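Participant: Based on what follows, work out the 3D shape:
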Amino acid sequence: MKFYKNILKVVALLLFGTIYAQQEPNYALYRYTMNAINPAYAAADGETSLTSSFRSQWVNVQDAPETQTFFFATPLTEKFGIGLSIINDKVFVENRTSFNVDFSYKLKFSETTDLFLGLKAGASTYNIDEDGFGRFGFNNGDSAIQNIDEGFRPNLGVGAHLFNEKYFVSFSINGLLQGERVNVDDGRVTTSNNNSHWYLSGGYNFDLSDKFEFRPSTMIRYVNGSPLSADFTAAFRYNKRFELAGVYTTDGAWAGTLMFNLADWMDFGYAYGGSSRSDLNDINDGTHEILVRFNFPKKNNSDE
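Facilitator: All right, here's what the predicted structure looks like:
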């Protein structure tokens, strides 16, 4: 009996994951992966960088969500930046890989503050493992599956990023061009449309001493058909080299994060998270997220 109860828990978890996956991937280290959602971040720091991120959710659960992310950004001039991103997101029977190009433009907002405007354009592939429905007791012969277009789907997004050495405010909209995907509800397989994703984030850096900073921040997400979600982060940074943070999400998730500035040319981040839901914690070993960023020397660009 206990075996079958565990099986039911796993199926329930995967159903929850499928519903959750209708949103874009989330990151515990969101302050360092903003390129994924906001094109205005493309080379906003004036540096050329390459970032790789891997997130494995609900470890030891079959077909649990996994996300691999790659960003490259470089300034073209003092005002223009460009970025390239590849994001592979897999959950349950769905696998989506997106390829995007970001363009950013800097406006002088004040003597100490810059406003960056961004445009994201690209496409994604969408694939379904039809056999996966049968493995978990769903109808893999549903006609809805046969009608899904698994070709390239265009993507368009816009964003703005207000930056000051002490604070930042970011707003972006992704998925302005909608596409079709699979939805599972009460054991039935149907199709649904992707909706636009809205993001609002901000943070402030408080100097506690010559070497310590308190860096609270938040990320608010909204997509039609899902509850409003918000992440609240309390981070402490020492000597601009080491950062320790705690993250709480309004959907009941939590995480602890570490960021190391190993050298001027390299940053490393790690996050471990879980859920306040005991039924989820009993059948998985948490969520792991790893980030590596390589920084290259600044270019001496001038306006064209």
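
Participant: where exactly do the helices run in the chain?
Facilitator: 2-20, 130-135, 143-146, 278-281 (DSSP state H).

Participant: Lowest average pLDDT across the ones you listed?
Facilitator: Among the helices of the chain, helix 2-20 has the lowest mean pLDDT, at a mean of 44.

Participant: Low-confidence stretches in the stretch 51-200 of the chain?
Facilitator: 129-151, 178-194 (pLDDT under 70).

Participant: Could you pull out the strands in it for me?
Facilitator: 66-75, 80-91, 94-108, 113-128, 153-164, 167-174, 180-185, 188-193, 197-204 (DSSP state E, counting those that start in this stretch).

Participant: and the last one, what other elements does it pack with?
Facilitator: Right, the one you point to is strand 197-204. strand 167-174, strand 212-223 (3 or more CB pairs under 8 Å, 6 or more residues apart in numbering; DSSP states H and E). For glycine as for every other residue, the C-beta is placed from the backbone atoms N, C-alpha and C.

Participant: CA atoms of the shortest one as PDB?
Facilitator: So the one you mean is strand 167-174. Output for strand 167-174, consisting of C-alpha atoms alone and laid out as PDB, is shown next (Å, rounded to 0.1, in the frame of the first residue of the first chain):
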ATOM      1  CA  TYR A 167      19.400  50.400  -6.600                       C
ATOM      2  CA  PHE A 168      17.800  49.000  -9.700                       C
ATOM      3  CA  VAL A 169      14.200  48.700 -11.100                       C
ATOM      4  CA  SER A 170      13.500  46.300 -13.900                       C
ATOM      5  CA  PHE A 171      10.300  45.700 -16.000                       C
ATOM      6  CA  SER A 172       9.800  43.400 -18.900                       C
ATOM      7  CA  ILE A 173       7.200  41.500 -21.000                       C
ATOM      8  CA  ASN A 174       8.100  38.200 -22.700                       C
END
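
Participant: What lies in contact with it?
Facilitator: Under the criterion CB atoms under 8 Å, 6 or more residues apart in numbering, residues 24, 34, 37-41, 118, 120, 155, 157-162, 196-205 lie in contact with strand 167-174.

Participant: can you do 7 Å?
Facilitator: If you take CB atoms under 7 Å, 6 or more residues apart in numbering as the criterion, strand 167-174 is touched by 24, 34, 37-38, 120, 157-162, 196-205.

Participant: any idea which of the helices and strands packed on strand 197-204 is most buried?
Facilitator: strand 167-174 (a mean of 20; mean count of other CB atoms under 10 Å).

Participant: tell me the angle that strand makes with strand 113-128.
Facilitator: When axes from the mean of the first three to the mean of the last three CA atoms, to 10 degrees is applied, the directions of strand 167-174 and strand 113-128 differ by 40 degrees.

Participant: Neighbours of the spatially closest residue to Gly269 that is not a sequence neighbour, how many?
Facilitator: Using CB to CB, 6 or more residues apart in numbering and skipping the chain neighbours, the partner closest in space to Gly269 is Leu291 (3.7 Å). The number of residues packed near Leu291 is 22, by other CB atoms under 10 Å.

Participant: which residues touch Leu291?
Facilitator: 29, 32-33, 51, 53, 269 are the contacts of Leu291 under CB under 7 Å, 6+ apart.

Participant: mind checking how far it is from Arg153?
Facilitator: According to CB to CB, to the nearest Å, Leu291 and Arg153 sit 27 Å apart.

Participant: and what of Thr233?
Facilitator: Thr233 is 32 Å from Arg153, by CB to CB.

Participant: ok, now Asp89?
Facilitator: For Asp89 relative to Arg153 (CB to CB), the value is 13 Å.

Participant: try Glu289
Facilitator: 26 Å.

Participant: just Glu165 next, same as before
Facilitator: With CB to CB as the criterion, Glu165 and Arg153 are 39 Å apart.

Participant: Which one's more surrounded, those two?
Facilitator: Taking other CB under 10 Å, Glu165 and Arg153 do not tie; Arg153 has more neighbours (20 against 8).

Participant: does that one have beta-bridge partners, and which?
Facilitator: Beta-bridge partners for Arg153, by DSSP bridges, are Ser124.

Participant: Before I go, just wanted to say thanks for your time.
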